[in-house]
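Undergrad: model the following, please.
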Amino acid sequence: MTSPIIDTLKNIYDTRGDEVEKWLAELRAESPPLFYNSVDLRHSGLRLAPVDTNVFPAGFNNLSPVARERTSNHIKHFFQENYPQAKRVLIIPENHTRNLFYLENLYVLQSLLKNSGMQTEIGNLVAPVGEILHLTSASGVEIQQHPLVKTQNKLSLENGFIPDIIIMNNDMTAGIPDILQNIKQPIIPPLYMGWFKRRKSIHFAEYKKLIEDFSQKFAIDPWLLDAQSHKCGMVDFNDKNSLECLAKSIDEIIKFSQKKHSEYGISQEPYVYIKADAGTYGMGIITVKSSDEVMELNKKKRNQMQVIKEGTKVNEVILQEGIPTIDTIENAPAEPIVLLIDGIPVGGMYRVNNFRDNLGNLNATGMHFSGMCDESESENGTWHKVNNCDFRAYGIIASIAALATAREKY
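TA: Numbers count the residues shown, from 1 in each chain. Okay, here's the model as predicted:
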């Protein structure tokens, strides 16, 4: 199956790649990227757009061998440029001690940092004092997570390890942990980017500005690179009166989407995601095709939108135009994810879900990840070369999404 948007982006890069890189470099100088990001993309053939951008990414275990080497090199360059005196790094992870694949991600992230020349340890926000957690990852590798010690305004471990810099791999949905308040050591990404404060609506507003500038410069319809979004105010899914704004906005998005579908000869019926404005893990997401559906949500779907990770209540949502995926792996719908260091794409993977269709949210029960075959590697094992996969095309859009996170203001 051909992909007009991949062909278009490849052509832009082949003919005007120097201009693309100059444009990106100028924006990175203006708004320095965060240490790392991951960007979830949706690719319909006609369109390629980010649908989520993470500031505290996981998934490093899904990178190919070549991508891991590239990642270590970019980590080394990041520290040389930004923290040249730093030698010791502490990772503060999520409290997912039973998620073996998340633990595998931590093991690989620690290895990548070590390979970049950094002494690296992993802390734990809830480990009892005096108790080192010995955990086993999905591949059977043991990792150690140490209790944190706070002395005045400095963080250390009980074994005497004092980090020069702290890397958060915890999205802080429930807020900044007390032990991290007023710490003198640099913490990256910054704590205010946690989901207790960060909002997707602000991120996609920044992305929209950037993609409109890119599209004007490189003569492409911005709709092809952006999923339309809209935010309402406070929402209570048990109060129909508060859903009226949602219903009106859904109709507006679908009307606009239908106009673009007609323009491009698309027969697909438009649809809209309702997402929690703060949060990740695919929680707090439902799909509707009309305003009537949101007014008639059943109890199960209302409850689904009420609470996300760590029991956090949902009272703000974002509406986002749905983009179906044409990517498949072993006949299951898939979507590309790009990992970035310092705003530079370093590798990717595919999220696959055998229990969902090509319209739905794939970040749900039943998903798994498949490696994205690097161009310099042959296809083997779990590394898949998907039709129309072009890492440069993915990388352009992911780079712009990562820049949007650097421009978010809180």
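Undergrad: tell me which helix or strand Leu79 sits in.
TA: Not quite, residue 79 is Phe, not Leu. Secondary structure from DSSP states H and E places Phe79 in helix 65-82.
Undergrad: what's the angle between whichever helix or strand comes after that helix and helix 65-82?
TA: Toward the C-terminus, helix 65-82 is succeeded by strand 88-93 as the next helix or strand (DSSP H and E). Comparing the axes of strand 88-93 and helix 65-82 via axes from the mean of the first three to the mean of the last three Cα atoms, to 10 degrees yields an angle of 120 degrees.
Undergrad: report the buried residues of the following helix or strand past strand 88-93.
TA: Next helix or strand after strand 88-93 toward the C-terminus (DSSP H and E): helix 100-115. Under the neighbour-count criterion of 16 or more other Cβ atoms under 10 Å, helix 100-115 has 101-113, 115 buried. In short, each C-beta sits where N, CA and C put it, glycine included.
Undergrad: now, which of those sits nearest Leu225?
TA: Asn105 (28.6 Å; Cβ to Cβ).
Undergrad: before we move on, the earlier item: need the buried residues of helix 100-115 in CSV (columns: distance to Asn153 and pLDDT).
TA: Below are the buried residues of helix 100-115 laid out as CSV (distance: Cβ to Cβ, whole Å; pLDDT from 0 to 100):
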residue, distance to Asn153, pLDDT
Phe101, 35, 94
Tyr102, 29, 96
Leu103, 30, 97
Glu104, 33, 97
Asn105, 30, 97
Leu106, 26, 97
Tyr107, 30, 98
Val108, 31, 98
Leu109, 26, 98
Gln110, 25, 98
Ser111, 30, 98
Leu112, 29, 98
Leu113, 24, 98
Asn115, 31, 98
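Undergrad: dump those to JSON lines, plus distance to Gly265.
TA: Output for the buried residues of helix 100-115, formatted as JSON lines (distance: Cβ to Cβ, whole Å):
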{"residue": "Phe101", "distance to Gly265": "41"}
{"residue": "Tyr102", "distance to Gly265": "43"}
{"residue": "Leu103", "distance to Gly265": "47"}
{"residue": "Glu104", "distance to Gly265": "44"}
{"residue": "Asn105", "distance to Gly265": "42"}
{"residue": "Leu106", "distance to Gly265": "47"}
{"residue": "Tyr107", "distance to Gly265": "48"}
{"residue": "Val108", "distance to Gly265": "44"}
{"residue": "Leu109", "distance to Gly265": "45"}
{"residue": "Gln110", "distance to Gly265": "50"}
{"residue": "Ser111", "distance to Gly265": "48"}
{"residue": "Leu112", "distance to Gly265": "45"}
{"residue": "Leu113", "distance to Gly265": "49"}
{"residue": "Asn115", "distance to Gly265": "49"}
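Undergrad: give the buried residues for the helix holding Phe79.
TA: Neighbour-count burial for helix 65-82 flags 66-76, 78-79 (criterion: 16+ other Cβ under 10 Å).
Undergrad: and stretch 147-158, by the same measure?
TA: Per 16+ other Cβ under 10 Å, stretch 147-158 contains these buried residues: 147-149, 155-157.
Undergrad: next: stretch 28-47.
TA: For stretch 28-47, the neighbour count (16+ other Cβ under 10 Å) marks 28, 31, 33-47 as buried.
Undergrad: same check on stretch 227-237?
TA: Neighbour count says stretch 227-237 has 227-232, 235, 237 buried, by 16+ other Cβ under 10 Å.
Undergrad: so, low pLDDT: which residues of the stretch 251-400 of the chain?
TA: In the predicted model of the stretch 251-400 of the chain, residues 280-284, 298-314, 373-387 satisfy pLDDT under 70.
Undergrad: mind doing that once more with 50?
TA: 282, 309, 378-379, 381 (pLDDT under 50).
Undergrad: what ranges do the helices span in it?
TA: Using DSSP state H, counting those that start in this stretch, the helices of the stretch 251-400 of the chain run over residues 291-295, 299-304, 391-407.
Undergrad: for Leu9, give me its contacts.
TA: 48, 390, 392-393, 396-397 (Cβ atoms under 8 Å, 6 or more residues apart in numbering).
Undergrad: ok, so of these, who is nearest Gly175?
TA: For the contacts of Leu9, the nearest to Gly175 is Ile397 (31.4 Å; Cβ to Cβ).
Undergrad: burial check on the closest residue to the closest one other than its chain neighbours, number of neighbours?
TA: In space, Ile397 comes closest to Leu48 once its chain neighbours are excluded; the distance is 5.7 Å by Cβ to Cβ, 6 or more residues apart in numbering. By other Cβ atoms under 10 Å, the residues close to Leu48 number 27.
Undergrad: which phi and psi does Leu48 have?
TA: phi -140, psi 120 (degrees, to the nearest 10).
Undergrad: so what's it bridging to?
TA: His43 (DSSP bridges).
Undergrad: doesn't Ile220 make contact with Arg16?
TA: No. Applying Cβ atoms under 8 Å as the test, Arg16 and Ile220 come out as separate, 11.4 Å apart.
Undergrad: hang on, the earlier thing: so which of the buried residues of stretch 28-47 are in strands?
TA: 36-43 (DSSP state E).
Undergrad: what's the farthest-apart pair in those?
TA: Most distant of these, by Cβ to Cβ, are Tyr36 and His43, 22.3 Å apart.
Undergrad: ok, the residue nearest to Ile397 touching Asp390?
TA: No. In this structure Leu48 lies outside contact range of Asp390 using Cβ under 8 Å: 9.7 Å.
Undergrad: now for Pro128, how many residues are close by?
TA: 9.
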